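1. missing the sequence, but the structure's below:
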């Protein structure tokens, strides 16, 4: 039995069982996971000398490590932010995919504003 486009979309919405509140919750978790990952990498980079020692800065390993960290970080954060919306989009739920992506970006902006406010308060003390 073939489903027409409307029936397929209704089936997918029922199957995935997504509502707007679930989009907000999922987008919050994706944004919070991204912030947690970024915080972890930033903490590692800030304390790298404590963990790995001073080392020789003229070796080729320093730029290789930096670029590998950059590529892995871009992949992980890309998956956290874009993974579910791309899955929804390819499943035919284009409107839901854009809602989830916009909500995730909105949460990331909220977290960015919070971090900026914290930095502003720390620097003014």
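-> Yes, it's here. Just so it is clear, the model here is predicted, and its values are computed rather than measured. Residues are numbered from 1 along each chain as shown.
2. what does stretch 48-57 rub up against?
-> For stretch 48-57, contacts defined as C-beta atoms under 8 Å, 6 or more residues apart in numbering pick out 44, 61, 62. All C-beta spots, glycine's among them, are computed from the backbone N, C-alpha and C.
3. one more time with 10 Å
-> Stretch 48-57 is touched from outside by 44, 61, 62, 65, with contacts defined as C-beta atoms under 10 Å, 6 or more residues apart in numbering.
4. Equivalent analysis for stretch 115-125, please.
-> Against stretch 115-125 from outside (C-beta under 10 Å, 6+ apart): 35, 38, 39.
5. Check stretch 72-80 too.
-> Defining contact as C-beta under 10 Å, 6+ apart, one finds that stretch 72-80 is touched by 29-38, 40-41, 86, 104, 108.
6. to the chain's geometric centre, what's the distance from that stretch?
-> Taking C-alpha atoms, centre = their mean, to the nearest Å, one finds stretch 72-80 lying 7 Å from the centre of the chain it belongs to.
7. Please point out which parts of it sit buried.
-> Buried residues in stretch 72-80, counted by 16 or more other C-beta atoms under 10 Å: 77, 80.
8. starting at the chain centroid, how far to the one helix or strand residue 122 maps to?
-> Element membership for residue 122 (DSSP states H and E) is helix 94-124. Distance of helix 94-124 from the chain centroid (C-alpha atoms, centre = their mean) equals 11 Å.
9. returning to that earlier point: return the subset of the contacts of stretch 115-125 lying in strands.
-> In strands, judged by DSSP state E, none of these are found.
10. Could you turn the buried ones of these into a ChimeraX selection?
-> Selection of buried members from these for ChimeraX, criterion 16+ other C-beta under 10 Å:
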select :35,38
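11. Count the residues that sit near residue 97.
-> 20 (other C-beta atoms under 10 Å).
12. Restricted to helices, list the contacts of stretch 72-80.
-> Per DSSP state H, helices hold the following members of the contacts of stretch 72-80: 29-38, 40-41, 86, 104, 108.
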